[in-house]
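Chemist: Provide a 3D model corresponding to the input given below.
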Amino acid sequence: MLPILLGLVIAMLFGLMSFFIYGLDGLVSYTWIDTVFWTLIAIGALITLINEVGQCLACRFKQLISNRRFNRFCSDLACAH
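Modeler: Residues are numbered from 1 along each chain as shown. Just a heads-up that it's a prediction; the model follows:
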């Protein structure tokens, strides 16, 4: 959840600074500003998705790996319950 929030905050700050530097006309005419803005949000969402899927996917292989540390890690995750 933190990466998506961080991506939103950074995108908001980037949009605000772009507005101060280029003005409203610059925001409309420069397409790279819009691309960077949405990319920052998408990167935060993608990192959050990868973290959630990766942790829960590791717990699916719990039966194949019999390691105490791994079992303790999986039992602490929210998706293991």
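Chemist: buried residues of the helix or strand harbouring residue 19, list them for me.
Modeler: Assigned by DSSP states H and E, residue 19 falls within helix 2-29. Going by neighbour count (16 or more other CB atoms under 10 Å), the buried part of helix 2-29 is 3, 4, 7, 11, 15, 18. Quick note: C-beta positions are derived from backbone N, CA and C, even for glycine.
Chemist: right, and out of those residues, which lies closest to residue 50?
Modeler: Here the nearest of the buried residues of helix 2-29 to residue 50, counting by CB to CB, is residue 3; it sits at 9.1 Å.
Chemist: how many neighbours does the residue nearest to that closest one when sequence neighbours are not counted have?
Modeler: With sequence-adjacent residues excluded and distances taken as CB to CB, 6 or more residues apart in numbering, residue 3 is closest to residue 47, at 4.0 Å. Residues near residue 47, counting by other CB atoms under 10 Å, number 15.
Chemist: tell me the contacts of residue 47?
Modeler: Counting by CB atoms under 8 Å, 6 or more residues apart in numbering, residue 47 touches 3, 4, 7.
Chemist: correct me, but the first one touches residue 40?
Modeler: Going back to what we said before, that points to residue 3. No - the criterion here is CB atoms under 8 Å, and residue 3 misses it with residue 40 at 10.9 Å.
Chemist: next one: the residue nearest to residue 3 relative to residue 18, how far apart?
Modeler: Residue 47 sits 23 Å away from residue 18, going by CB to CB, to the nearest Å.
Chemist: quick one: mean pLDDT for the helix holding residue 19?
Modeler: Per-region confidence: helix 2-29 scores 92 on mean pLDDT.
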